Structure formats: C-alpha cells, structure tokens
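S.K.: pasting a predicted model and its sequence here:
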Amino acid sequence: MRAANGLQTITLKETAHALSPGIAQATLLGRFPNKMWPMSKSRSPHPSRKKQRSAYNESDSTSTPQESDRRSSDATQLTTSPRLRAVLSLIVIFQLLAVWAEPFRFFTLSSRGTSPASDPARQLLSPYIEFAFLNHGYFFFAPEPGPSHLIEAKLVDDLGKSSTVRYPDRRAQWPRLLYHRHFMLTENLHQLWIEPFEPIEEDISALPPEEQNYLAEWRSTRQRFEMVRDSMADHLAHRFGANEVTIGRIEHRLPSDIEVFSQHMRLNDARLYIPLPDSLPLDALPPSGLPPAQLDWQTNPAGVPPTGLFPNEPIDLAPGATEPEEPIAEPKQPIGDGSEPHQ
Amino acid sequence: MNTLRSMRTWLNGWLGTWLEGWNRFWFVPELPHALAIIRIGCGLMIAYMHIVWLSRVGDFFGEHAWISADASHNLHQADWGWSWLWYTDSPTIAAIHLSLTILAGLSMAAGLLTRIAVPAAWLLTVMVIHRQTLATFGLDQIVAMLSMYLIFARSGSVWSIDAWLWRRRAAHEQTHAPSAKQASPTSVQNKTSTDFGWLLPSPAPSTSNRIATRLIQLHLCIIYLFGGLSKMRGEMWFDGSALWYTIVNYEYQSMDLTWLGRSRLAIASLTATTIFWETFYCALVWPKLTRPIAITLAVFVHGGIAIGLGMITFGAIMILANFAFVSPKFVQRLGPQPD
C-alpha cells in the first residue's frame, strides 16, 4: 500500500497549493471570478451574467464569432459544481498519468536502463497500473516486425515411442482467437528465455555485491523461464499421455521478397524454421555484468544461433537486419506485462 | 506597478482561458450514443473471448493447464496484478467464472442492468487476464480499457433494455400523474432528464459520458503515439520494408498478401503511411478537418490487420474504440429512434 498511502495524504487543498499558490487554489476550489467557471450551479444562471461571459469570450482574439457563440453555449451547459469539477479533474489527471507512465517508461528503456524521469510516476502508481492492466508498452510490430517463435515438443510414451507436436498450429486450434492464444504462449515463452548460466567461481559470496545481485537476478529470470516451460511440458504430457516431454523453441524466420519471388520460397518452407538451442557455447556468452534482460539481443541480435551451431542451416540475421556495430538493448517487455512483441 | 498589474491581468486571463477550455473539454454534458455502440461491441467481444476460454477450460485453467495456477501466480510476484483464479485449478470453478463473465458481457451488450454488468464484466475479465498473462495480447488490453471507462458512463441509457425500462417507467409515471401540472409540456421535457435511481439513468447528455469519452480518446492517442514512436527505434519502418515483413509472417497471416511485394513502391508507401498515421494520430484526430482522415486510416489499418493478419478480434475492437471520436449526435441520427 506504499503508493496508495502516499496518494491519500495529498489533499485537494495541498494539490492546489502545489500547482500554483493562490491562483490555482482559488480556481480549484471555485473561488475565482465567475468567468473562470462559467455557469456553475452555485453562481448565476442569471441572465444579467451573460453579458459578462460574452465579454469574456470576446477577449479571445483568435475566436470567430461562431466559435465564441459555441463556446458560450457549451459553457452554459456545465451542470457540475466547481468543487466536483475540481475533484473530477484530479481523478482524470491521475488516470492519464497512469496510462502514460508505463509506455513512457518502456519507451525510455535502453542499455543504461530507463529514464529517471519515467520512474517516479510509474513506481508511485504501480499498484493501480498493474492491477488495472494498464502496464503496456504498446510496441505493436515494433521496433521491427520480427520472426515468430514456436515450440516443438518431443513426446515419449510408455513404450519408448517418440513423436513430436508443434504449437501453434492453425489447423489444430480453431477459432482463430484460440490459435492466437496458443501463439502468444509460445511467443512469450521465447521472451522469457534466458541462457542457463552458472558462475565458474564456486564461492559466490566472495564476489562483489553487484555481481551477486546480477547473478541472483539471472537465476531468478532463468527459473521463471524453466517454471513456465515445465508447466507447458506437464500440460502436453497430460494431454498426450506422454511419459517424457522435451520442449524446444523454434524460430520462424521471415523470408525476403527476393527469396519469395526469385527463389519461389514458400512462407512455411522448412528452411525458414530454425531450432533455437537452450544453451549457447561459452564463447558466445556476454561479459559478466550485463543485465540479464539484455542478453538475447547482445548475444543473438535476431534470436538466431550464431555461426557454427547449425552448420547446415543458413546463418542469417533477421530480414533486413545487420549485425549491430554497437550492442543496442532491445526493449523487452517486463514479465507479466501482457504485451507480446508483434501484436 | 502598472507592469505588475498588467502581467497579473494577463496571467489571470491566460489561466482563465485554460480553465474554460479544460471545463469545456471535460465537463460539457454529452449524449451516450457513441458510448452505447462501444458498450454493445465490447460486451459482445467479452462474451466471445470467454466462450473461447470456456471451450478449453481444462487446457487453460485446469490442474494441468498450459500455465499452471502456481506458475501464473509466480509470474506476478513482483507486481500488483492479482487474480482469485490463482488459488484454484478446478475447471468447474473456472467454468463458473467464465460463464458469469459471458453473462456479464451479454448483459452489457443488451444493456440489461448495465450499471452492474459493466463493472462486473471488467473485473471478471481482468481476473482472467491476470490468470492468463502469457496468453493475452492487444485484444485483452483494449477490451479491459474500454470496459473500465464504460463503468463511469451512462452507456446503457440508450439502445438497451435499461432504456426500454426507463421509457416504460417514465410513461407510467406520466400516465399516473395525479395533477394536470405534471402532464404539462414542460414536465414532459424535464422527464427526459430524470434518473430513476442509480440503475436507470436518463438518456440526457451527461458529464459522465463526456469524461468517459475523453478518457477513451486520450487513451487511444497514447496507444497510437507510443505505437508510432516505438517503430522509430527500428529501421524497417523507415526503409519501407516493415510491411513486407509483416505480411510474410506465416503465423499471423490469414490472407496471402505477398503479391503486394511485387511493387516495392506500394509496400514502402503503405509502410510510410502507417508510421506517419500512427505517430500523428494524436494530432490529426482532433481537428474536424483531419479527423475523418485519421479515422478512415484507422479503419483501413485495423481492417487490414483483421483480414490479412488473422486478428479479426483485435482489428474489430480497435475500430470500435475509434467510435469514441465519432460525434454522439451523428451516431444518434444513424441509430434507431425510440418511439
């Protein structure tokens, strides 16, 4: 209740003072001259006041007479009291701040973290933002339309016979919304993925505190991925009556127009499906000290295995992408954010 | 002193202009008709979404769900999201929850006990969303957003069962009025703004409709603004290839639009139009001159997403949300008129 308590302590009067001593307080509390709050219930629907109002409107040199008339007519329709309007104003400002906070924070995310300007509002309003499901970055198909991520599960039954099943499958999941739910599960599993990694040093407590924190965060992120992956494996084992289930991630690379039109490659061509390993070779690991959230971009800009892992597969970056000269942190949705990278 | 006085006068005038504009923007009473369209569409969408969940209740909410209740709870350990569905893996309980949500959605669409149905639909939907965090997408975000704002509006006061009940009661009160005074033309006119308790608000313009409409409008502007700005962090939206890599995404594709790629000019032009429209929607949608352009482009973009990228539900809900920018008076003229 940290943030909620903080909010409760701000009274209307204090907010008015904070906005602008004197004037703001007077306006919020309805003590301004009548022209500020045209047609308040407490003040004057009296015809004699109309002259004052129209004089006020005339002072707006940018308005046409028709606009002034309209405004005047709008203003006379106000049915709420100044006090209620002040309260409602604070509520809508609160709401707009809550709606703005998360996409702004997400937008400022870089390799150095988020902008300090974006943090206070986001942190203060987090109970409301997160409960009301307002924590979205709205990065639809951004920053680039990327490849899709599927899962392929290897199922082994009691007799040792193995089979595979791939998700999502638009022939198996219908209606389309159900298919899309499955698609989001596999995409988000990929988003949660992080390289399994254990430090070479056995005595972690000997490490500097920041490296200990870093490792703890890494472990926690990896545990989250494994928890979700294992839950999916349990589901598939139960669904197909399998004894053993191994889930692998697959990336469906997007073909270029040259591949489609000149090489007649189909969109579901087998060459476009690239299995993603759970572990990368040690030399592909990033230097220690890099926050876990940036790893898959750092080591693997397009989510494609680096050269040498799959010698028979084409080693391509994402379509149109080039190897970044300097590592750029790909904005990654926070866990539980509810947004997916494409949609 | 004169300078100070004139500065003070100027400041007062400037603040007064701001406050007048603020009042006009937020508090001028508005008709409920555009919100009623959003209510009907959003209610039907909530019902449909939960029918789909219900069709696979065991797969998504059962003991062996894709994401178990414990795993789902664990994903929210560091945030304030909360769902009572974390504490059960019983498909029966989940089915009851989903059935209630479907009823609330249908009731919202029909406008039956709208004042209760809308908040119930929102809360029940948010509970499902927090339980199914990893399976949600833009559709869930927009549905939660629209239903939340509708809680505060009188969207059920027209084109609804509530409106029918309200008219019946108004007619009944008028018929059984003891004095002739109550049957005067003035009283009939006044009757249109009478609320019969909290449950049956009048269809007259109201401030709550205005605030809900404005919040939907501004929320949409924020969505589009950050949608556009985020695309500027990539290169494909600038070099004109982004649309190609969107339509060749097999997992999204529901209609083969790859033929568009035969003209790189067409692809690049559509890509540029999309990013400019999305980024500047928040400016273009307010002036009356450019609003039809912004809304028409929204219909084309979201219609394209619905038809070409297989997200009919998401495309439809975004088009529905854009109704917030259509004048309620215009919507009123289009819709059925009460007897």
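M.R.: Nice, thanks for sending it over.

S.K.: pLDDT score assigned to the residue of chain B found nearest chain A?
M.R.: Per CB to the nearest CB, residue B:234 is where chain B lies closest to chain A, at 3.2 Å. For every residue, glycine as well, the C-beta is placed using N, CA and C. pLDDT, residue B:234: 90.

S.K.: grab the nearest non-local neighbour of it.
M.R.: residue A:143 (3.2 Å; CB to CB, 6 or more residues apart in numbering or on different chains).

S.K.: what number of residues lie near the one you found?
M.R.: Per other CB atoms under 10 Å in any protein chain shown, the neighbour tally for residue A:143 reads 20.

S.K.: now it, what's its secondary structure?
M.R.: Following DSSP: H, G, I helix; E, B strand; the rest coil, we place residue A:143 in the coil state.

S.K.: so it touches residue B:238, yeah?
M.R.: No - between residue A:143 and residue B:238 there is no contact under CB atoms under 8 Å: 10.5 Å.

S.K.: if I look at these two, which residues touch both of them?
M.R.: With contacts taken as CB atoms under 8 Å, 6 or more residues apart in numbering or on different chains, residue A:143 and residue B:238 have residue B:232 as neighbours in common.

S.K.: per-residue confidence at the closest residue to chain B within the stretch 101-250 of chain A?
M.R.: For the stretch 101-250 of chain A and chain B, the shortest gap (CB to the nearest CB) falls at residue A:143, measuring 3.2 Å. The per-residue pLDDT reported for residue A:143 equals 92.

S.K.: which residues touch the residue of chain B closest to chain A?
M.R.: Neighbours of residue B:234 in contact, by CB under 8 Å, 6+ apart: A:142, A:143, A:144, B:242.

S.K.: tell me which element it is part of?
M.R.: When elements are assigned from DSSP states H and E, residue B:234 belongs to no helix and no strand.

S.K.: how much space between it and residue B:79?
M.R.: From residue B:234 over to residue B:79 the distance is 27 Å, taken as CB to CB, to the nearest Å.

S.K.: now do residue A:166
M.R.: For residue A:166, the distance to residue B:79 - CB to CB - is 32 Å.

S.K.: contact residues of the stretch 51-200 of chain B facing chain A?
M.R.: B:52, B:55-56, B:59-60, B:64-68, B:71, B:74-76, B:78-82, B:126, B:129-130, B:132-141, B:144-145, B:148 (CB under 8 Å from any CB of the partner chain).

S.K.: of those residues, grab the buried ones for PyMOL.
M.R.: Remark: buried members of those, expressed as a PyMOL selection using 16 or more other CB atoms under 10 Å in any protein chain shown:
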select buried, chain B and resi 52+56+59+60+65+66+67+68+71+74+75+76+79+80+81+82+126+129+130+132+133+134+135+136+137+138+139+140+141+144+145+148
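
S.K.: okay, now residue B:285: neighbour count?
M.R.: 22.

S.K.: my error: substitute residue B:276 in the last question.
M.R.: Counted with other CB under 10 Å, residue B:276 comes out at 14.

S.K.: what helices and strands are in contact with the biggest helix by length in chain A?
M.R.: Longest helix in chain A by number of residues (criterion: DSSP state H): helix A:209-240. Packing contacts for helix A:209-240, counted by 3 or more CB pairs under 8 Å, 6 or more residues apart in numbering or on different chains; DSSP states H and E, involve strand A:148-156, strand A:162-167, helix A:176-192, strand A:244-252, helix B:69-75.

S.K.: make it 7 Å
M.R.: strand A:148-156, helix A:176-192, strand A:244-252, helix B:69-75 (3 or more CB pairs under 7 Å, 6 or more residues apart in numbering or on different chains; DSSP states H and E).

S.K.: just the ones you listed: most buried one?
M.R.: Greatest average neighbour count among these goes to helix A:176-192 (a mean of 23), per mean count of other CB atoms under 10 Å in any protein chain shown.

S.K.: and residue B:111, how far from residue B:103?
M.R.: Applying CB to CB to residue B:111 and residue B:103 gives a distance of 14 Å.

S.K.: neighbour count for the two, which is higher?
M.R.: The neighbour count for residue B:111 versus residue B:103, taken as other CB under 10 Å, is higher for residue B:111 (24 against 17).

S.K.: rewinding a little: tabulate the helices and strands packed on helix A:209-240 (CSV), appending distance to residue B:5 and mean pLDDT.
M.R.: Below are the helices and strands packed on helix A:209-240 laid out as CSV (distance: least, CB to CB, whole Å; pLDDT from 0 to 100):
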stretch, distance to residue B:5, mean pLDDT
strand A:148-156, 67, 97
helix A:176-192, 61, 97
strand A:244-252, 70, 97
helix B:69-75, 61, 97
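
S.K.: okay, the ones you listed in CSV with distance to residue B:213 next?
M.R.: As requested, these are arranged in CSV below (distance: least, CB to CB, whole Å):
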stretch, distance to residue B:213
strand A:148-156, 37
helix A:176-192, 28
strand A:244-252, 41
helix B:69-75, 34
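
S.K.: of all the ones you listed, which one is nearest residue B:313?
M.R.: helix A:176-192 (5.5 Å; CB to CB).

S.K.: what residues does the closest one touch?
M.R.: A:148-151, A:167-168, A:170, A:173, A:224-225, A:228-229, A:232, A:249, A:332-333, A:335, A:340-341, B:49, B:52, B:56, B:66, B:134-137, B:251, B:254, B:310-313 (CB atoms under 7 Å, 6 or more residues apart in numbering or on different chains).

S.K.: go again using 6 Å as the cut-off
M.R.: By CB atoms under 6 Å, 6 or more residues apart in numbering or on different chains, the surrounding residues in contact with helix A:176-192 are A:149-151, A:167-168, A:170, A:173, A:224-225, A:228, A:249, A:340, B:52, B:66, B:134-135, B:137, B:251, B:310, B:313.
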